[in-house]
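let me see the structure of the following:
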Amino acid sequence: MCAENSCADVGGQTEFYPQTEPREKISVKTPLGAALYFPHGAHPQHCLHSYEIISTGVKYIIRTDVLFSSS
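Presented below is the predicted three-dimensional model:
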């Protein structure tokens, strides 16, 4: 899972590239104080993504993996 919080004034959008039709890029700007969570890595719903260059401000990104066992 990946979580991000953006304080970027200009730029910093997360850009998703769907693997199904239509394959148009989806750009998401996280509002100040909000968080964007999405599956990451080997998750079956993982989607290719990138980030637009941040021109002004900062962006915080946390990536974590949750491991568990059925025993």
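
residue contacts, the closest residue in space to residue 14 that isn't next to it in sequence?
Once flanking residues are discounted, residue 14 sits nearest to residue 28: 4.9 Å by Cβ to Cβ, 6 or more residues apart in numbering. For the C-beta atoms, the positions are set from N, CA and C on the backbone; glycine is no exception. Remark: with contacts taken as Cβ atoms under 8 Å, 6 or more residues apart in numbering, residue 28 is in contact with 13, 14, 15, 16, 36.

and the two most separated of those?
15 and 36 (11.8 Å; Cβ to Cβ).

for the residue nearest to residue 23 when sequence neighbours are not counted, give the beta-bridge partners.
Ranked by Cβ to Cβ, 6+ apart and with sequence neighbours excluded, the top spatial neighbour of residue 23 is residue 17, at 7.0 Å. Listed by DSSP bridges, the beta-bridge partners for residue 17 are residue 48.

tell me, how many residues neighbour residue 17?
Neighbours of residue 17 under the rule other Cβ atoms under 10 Å: 12.

so what's the residue nearest the centre of the chain up against?
In the chain, the residue lying closest to the centroid (Cα atoms, centre = their mean) is residue 14, at 5.4 Å. When contacts are counted by Cβ under 8 Å, 6+ apart, residue 14 touches 4, 27, 28, 30, 36, 49, 50, 51, 52.

how about residue 26?
15, 16, 17, 18.

and residue 52, by the same measure?
11, 12, 13, 14, 15, 27.

are any of the residues you listed buried, and which?
By neighbour count, with 16 or more other Cβ atoms under 10 Å, the contacts of residue 52 hold 12, 13, 14 as buried.

quick one: pLDDT of residue 15?
pLDDT for residue 15: 90.

surely it and residue 47 touch.
No. In this structure residue 15 lies outside contact range of residue 47 using Cβ atoms under 8 Å: 10.2 Å.

pLDDT-wise, which helix or strand of this protein ranks last?
Scoring the helices and strands of the chain by mean pLDDT, DSSP states H and E places strand 2-6 at the bottom, with a mean of 59.
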